[in-house]
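Q: Starting from these lines, generate the structure:
(one chain, ligands or ions: 1)
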Amino acid sequence: MKTLQKWMNKEPDVLDWSYATKIAAEIEGCGVKWEEKEEDVRKRIKHILKCDTSNENLTDPVILRNADCVFSFCVLEQISENLDAFHANVKKIALMLKPGGCLLLVSELIATHYIVAEHKYHILNHDEADVRTALQNAGFTVEQWEVIESKIRNDNIYYEYVLFACAVKKRDI
Ligand SMILES: C[S@@+](CC[C@H](N)C(=O)[O-])C[C@H]1O[C@@H](n2cnc3c(N)ncnc32)[C@H](O)[C@@H]1O
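A: Coordinates of the predicted model:
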């Protein structure tokens, strides 16, 4: 959170995330400049909040209005100890959305672990069918689904595929 705040404030020793903005600008085309994209994102951010799935209200003590969209990038499979916890966490994300709201989910599949500074962290060894079931049980309908094979082959992380899904909340659970 401190790092994000520093990025918002354009502090000098901040992490450089421009490699990602440059890719986004290139995909958009039409002469979009990556610097302008970063400024646009800065202007749109209203709060930087801690999100903890072990709370009933994920952003406790702040209560947010239900959102149009939640983006979850390689988090749920890393923080869910088992498939039951994954299902419960997907349901908690669903509670953050308005009916008709959209979950953009990026998830590593058939995975084991990742290593940061010699600490080894688990990744849930789940597959496409597990994610589809979790989404369905949480009241989502899948609108887009793309799976690509991982090209990373080293000891620091192991996952075989990455899923990119767009799921719309059709009903409350
Ligand atoms: C490997 S990172 C995910 C990648 C990250 N989204 C990114 O874009 O770089 C795993 C994240 O899960 C977060 N995390 C750990 N326990 C959590 C919990 N109970 N609720 C929500 N997030 C948690 C950690 O803070 C960490 O940022």
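
Q: what are the bridge partners for Trp145, then?
A: Ala165 (DSSP bridges).

Q: Quick one: name the residues of the protein near the ligand.
A: Cys51, Asp52, Thr53, Ser54, Phe73, Cys74, Val75, Gln78, Ile79 (Cβ under 6 Å from any ligand atom). No exception for glycine: its C-beta is placed from N, CA and C like everyone else's.

Q: Name the SS class of Phe71, please.
A: On the three-state scheme (DSSP: H, G, I helix; E, B strand; the rest coil), Phe71 is labelled strand.

Q: hmm, back to that, among the residues of the chain next to the ligand, which ones are in strands?
A: Phe73 (DSSP state E).

Q: Please convert the buried members of the residues of the chain next to the ligand into ChimeraX selection syntax.
A: Of the residues of the chain next to the ligand, the buried ones can be selected in ChimeraX as follows, counting by 16 or more other Cβ atoms under 10 Å:
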select :51,53,75,79
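
Q: Just the closest of the residues of the chain next to the ligand to Leu109, please.
A: Cys74 (10.9 Å; Cβ to Cβ).

Q: hang on, the closest one packs against Ala111?
A: No: judged on Cβ atoms under 8 Å, Cys74 makes no contact with Ala111 at a distance of 9.6 Å.

Q: just to revisit the earlier point, nearest to Tyr121, of the residues of the chain next to the ligand?
A: Gln78 (6.5 Å).

Q: quick one: contacts for that closest one?
A: Glu108, Tyr114, Tyr121, His122, Ile123, Leu124 (Cβ atoms under 8 Å, 6 or more residues apart in numbering).

Q: Sort out which of these are buried, if you could.
A: Neighbour-count burial (16+ other Cβ under 10 Å) applied to these gives Glu108, Tyr114, Ile123, Leu124.

Q: ok, of those, which one's closest to the ligand?
A: The nearest member of the buried ones among the contacts of Gln78 to the ligand, counting by Cβ to the nearest ligand atom, is Tyr114 at 6.5 Å.

Q: Quick check: which element contains the closest one?
A: Assigned by DSSP states H and E, Tyr114 falls within strand 97-116.

Q: Tell me the strands beside that strand, with direction?
A: Sheet partners by DSSP bridges: for strand 97-116, these are strand 67-73 (parallel), strand 119-122 (antiparallel), strand 157-169 (antiparallel).
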